[in-house]
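1. Coordinates only, no sequence provided:
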């Protein structure tokens, strides 16, 4: 059968099936990957609220939390849903990312097919998007769920917008707005979508023309109408941008101009645009983290990059009448990258592969439609197009397939990172963390020292060297490293907590309380800091202050059993046995195997003379923790008291 005899709808379905097979086939390795120790612990593996699955409390937290220095409740809900389905099995979490990426590829095909009417060019753009090596990071990294999830709503918004433009109506307009709002709650990267919709108005939708009766006045009037039409989207984008900046700034993620001057930011931004283009055309040396290089770039790098970007921009504008797709694709690329290009510097990276996930679509549109226009009219143009397209897809598939194994675990990921970049302090430090998790202390310490050779005041490496010393029993040395971490970063909360824990071990309770006070200045809502402070103050005989801190810890984390256990002990010492029993029973309800709380509850019943109850709770503590010496001693005591009473 000749392909021309097949109905377009059938071809469309076959292309969709082909896209699914292609993307699943190339990315299937992720099902066997583990979590990595770079943000996955924040989003899943060490986040008890997320691990609890979907619940009323979890949903409330998702919409109010500033965890991970972002406000993205839909992303949190997505991770909670995964934990509800898969627990901590990494395969399920990775497959969700993959299925969303497949859906995004299909939706991109549908958006372009519906908007342009071009079947094969739309399919090629979707295929390039689906298998490009730069998209490995967004798909293979569980913590980047926000990338693939927000893009899912980006594509749905664009598709709904195309249908709205075909047949305008209030319901359709509301549908576009709602999808856009949900997308913003998955990742604020979508703030640039209204700009892309304006580009789509020009091409392929043809709602904005640059010629015709009335000349420029006609254009300006039409542009004003289209901008006004998008005012609700622009308001949502502005609101999301403000919230994101405030949250990231409060979390310390936004670099100050003292740390990174404006000149360095502009140079880095210009050069990074060009580097993204280079990696899209020739993907190589891809890393999970690229150290910031803005300080070391010379002015000539920036000038050369600016001239290249300006030349391409001028060319696409000049080609606007005959090749409007060039202007749309190019400014899609430039515009969508604006929030993450580094003028407002968030984090310590100079660039990131994941930032190209959406912007790359613009370059793919330019390349596919541009190549099609170049060979149009040449002999065997269809055959040439098919051969070139197939060769490109095969090549990219191979590179992506070879890139994916680097994401299989933390050690592989970060060894590759410092192999393809230079002076990568974060890669050495995170490799050290992976080795520390395996109790390979000397190897971990060596990696931390390599990180400090690159950045002597790197607080994470200093803090983790302290952890190594603690594991080796060198408490005083550990305290020294924690102190250095605090000097390097006065807001290094983990170092304050670690130094306090170790000061408690050697009996320096007042000093520990001082460091916890500083930790609470950094984060007044740190539940564990309040809980540990309560324990210290109780030991210092400051009972009322101890109770206040423990109550605050419970307010912050009602499902944390430790502060309830500690509060129960203190209330029992004050003679408030009813309050003590209430707190200890809740602690046991939260964590049924909490041996210490069971033992403490037993001691309360001893004070009340209820020896049978006391025996039950202390014996149950030993059931869950057979080597619990305190409970064993208490059990002998209660048995003796019971015998004497007989």
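-> Structure's in. What do you need? Fair warning: this is a prediction, and the values are worked out from it, not measured in the lab.
2. so where is the chain shaky, pLDDT-wise?
-> Along the chain, the model assigns pLDDT under 70 to residues 1-5, 209-221, 253, 645-646.
3. quick one, phi/psi of residue 346?
-> Residue 346 has phi and psi values of phi -110, psi 120 when expressed as degrees, to the nearest 10.
4. got a list of what it touches?
-> Listed by C-beta atoms under 8 Å, 6 or more residues apart in numbering, the contact set of residue 346 reads 69, 248, 253-255, 340. (Each C-beta comes from the backbone N, C-alpha and C, glycine too.)
5. Any chance of TSV for those, columns neighbour count and distance to residue 333?
-> Compiled in TSV, those are given as follows (neighbours: other C-beta atoms under 10 Å; distance: C-beta to C-beta, whole Å):
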residue	neighbour count	distance to residue 333
69	17	26
248	20	24
253	17	25
254	18	24
255	18	24
340	24	12
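6. helix or strand for residue 394, which one?
-> Counting by DSSP states H and E, the secondary-structure element that holds residue 394 is helix 381-403.
7. Do I have it right that residue 254 meets residue 246?
-> No. Taking C-beta atoms under 8 Å as the contact criterion, residue 254 and residue 246 are not neighbours in contact, 9.6 Å apart.
8. The helix holding residue 394 - contacts with which helices or strands?
-> On a contact count with 3 or more C-beta pairs under 8 Å, 6 or more residues apart in numbering; DSSP states H and E, helix 381-403 meets helix 8-27, helix 119-131, helix 360-375.
9. Which of the residues in it are classified as buried?
-> 385, 389, 392-393, 396-397, 399-401, 403 (16 or more other C-beta atoms under 10 Å).
10. With stretch 364-384 instead?
-> Counting neighbours by 16+ other C-beta under 10 Å, stretch 364-384 gives 364-369, 371-372 as buried.
11. and which of those is nearest residue 531?
-> Out of these, the one with the shortest distance to residue 531 is residue 364. That distance is 51.7 Å, counting by C-beta to C-beta.
12. And that closest one, how close does it get to residue 371?
-> Using C-beta to C-beta, to the nearest Å, residue 364 is found at 11 Å from residue 371.
13. cool, and residue 199?
-> Here residue 199 is placed at a distance of 20 Å from residue 371 (C-beta to C-beta).
14. So which residue is dead centre in this structure?
-> The residue at the geometric middle of the chain, judged as the C-alpha nearest the mean C-alpha position with C-alpha atoms, centre = their mean, is residue 143 (4.2 Å).
15. neighbours around the residue nearest to that residue when sequence neighbours are not counted, how many?
-> Closest residue to residue 143 apart from its sequence neighbours, by C-beta to C-beta, 6 or more residues apart in numbering: residue 39 at 3.7 Å. Using other C-beta atoms under 10 Å, residue 39 has 15 other residues around it.
16. Could you check how far residue 39 is from residue 67?
-> Separation of residue 39 from residue 67 (C-beta to C-beta) stands at 11 Å.
17. ok, back up a step: can I get the helices and strands packed on helix 381-403 in JSON lines including distance to residue 419?
-> Formatted as JSON lines, the entries for the helices and strands packed on helix 381-403 read as follows, by distance: least, C-beta to C-beta, whole Å:
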{"stretch": "helix 8-27", "distance to residue 419": "23"}
{"stretch": "helix 119-131", "distance to residue 419": "24"}
{"stretch": "helix 360-375", "distance to residue 419": "24"}
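18. domain parsing for this protein?
-> Per the record, the chain has its domains at 1-251, 255-375, 592-646, by automatic domain parsing.
19. May I see the buried residues of stretch 418-425?
-> For stretch 418-425, a neighbour-count test (16+ other C-beta under 10 Å) marks 418, 421, 424-425 as buried.
20. what two of the residues you listed have the greatest distance between them?
-> Put simply, by C-beta to C-beta the two of the buried residues of stretch 418-425 set farthest apart are 421 and 425, 10.4 Å from each other.
21. State the three-state secondary structure for residue 36.
-> Under the three-state scheme (DSSP: H, G, I helix; E, B strand; the rest coil), residue 36 adopts coil.
22. show me what contacts it?
-> Residues touching residue 36, when contacts are defined by C-beta under 8 Å, 6+ apart, comprise 141-143, 407, 409-410, 413.
23. For these, name the two members farthest from one another.
-> Comparing the members of the contacts of residue 36, the greatest separation, given C-beta to C-beta, is between 143 and 409, at 14.4 Å.
24. Do a quick rundown of the helices in the stretch 501-646 of the chain.
-> Secondary structure of the stretch 501-646 of the chain, counting by DSSP state H, counting those that start in this stretch: helices at 509-522, 527-539, 543-556, 561-573, 577-590, 595-608, 611-624, 629-645.
25. The closest residue to residue 466 other than its chain neighbours: neighbour count?
-> Once flanking residues are discounted, residue 466 sits nearest to residue 481: 3.6 Å by C-beta to C-beta, 6+ apart. Neighbourhood size, residue 481 [other C-beta under 10 Å]: 24.
26. what sits up against the strand or helix carrying residue 481?
-> Using DSSP H and E, the secondary-structure element containing residue 481 is helix 475-488. Contact partners of helix 475-488, identified using C-beta under 8 Å, 6+ apart, comprise 457-460, 462-463, 465-467, 469-470, 492, 495-496, 498-499, 502-503, 505-506, 518.
27. circling back to that earlier point, make CSV from the buried residues of stretch 364-384 and add distance to residue 292 to it.
-> Putting those into CSV (distance: C-beta to C-beta, whole Å) gives the following:
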residue, distance to residue 292
364, 28
365, 30
366, 29
367, 30
368, 33
369, 35
371, 35
372, 39
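28. any idea which of those is the one closest to residue 222?
-> When the buried residues of stretch 364-384 are ranked by distance to residue 222 (C-beta to C-beta), residue 365 comes first, at 22.6 Å.
29. wait, isn't that closest one in contact with residue 333?
-> No. Proximity of residue 365 to residue 333 does not meet the contact threshold set by C-beta under 8 Å, at 9.1 Å.
30. before we move on, the earlier item: and which of the contacts of residue 346 is nearest residue 635?
-> In terms of C-beta to C-beta, no member of these lies closer to residue 635 than residue 69, at 47.9 Å.
31. what separates the nearest residue to the closest one once chain neighbours are set aside from residue 66, distance-wise?
-> Excluding the flanking residues, the one nearest residue 69 by C-beta to C-beta, 6+ apart is residue 251, at 3.5 Å. When distances are taken as C-beta to C-beta, residue 251 and residue 66 turn out to be 6 Å apart.
32. what's in contact with the helix or strand encompassing residue 74?
-> Residue 74 belongs to helix 73-86 when elements are defined using DSSP H and E. Helix 73-86 is contacted by residues 43-44, 47, 49-55, 58-59, 61-63, 65, 67, 92-93, 96, 145-146, 149-150, 153, 182, 185-187 when judged by C-beta under 8 Å, 6+ apart.
33. Which of the residues you listed are buried, as a PyMOL select command?
-> Command for PyMOL that selects the buried part of those, burial taken from 16+ other C-beta under 10 Å:
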select buried, resi 43+44+47+49+50+51+58+61+62+65+67+93+96+145+146+149+150+153+182+185+186+187
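34. Which members of the contacts of helix 73-86 are positioned in helices?
-> Judged by DSSP state H, the contacts of helix 73-86 include 49-51, 58-59, 61-63, 92-93, 96, 145-146, 149-150, 153, 182 as members of helices.
35. where do the helices sit along the stretch 301-450 of the chain?
-> Secondary structure of the stretch 301-450 of the chain, counting by DSSP H, counting those that start in this stretch: helices at 324-336, 360-375, 381-403, 410-420, 425-437, 441-454.
36. Residue 527 is nearest to which of those helices?
-> Counting by C-beta to C-beta, residue 527 lies closest to helix 425-437 out of these; the figure is 23.2 Å.
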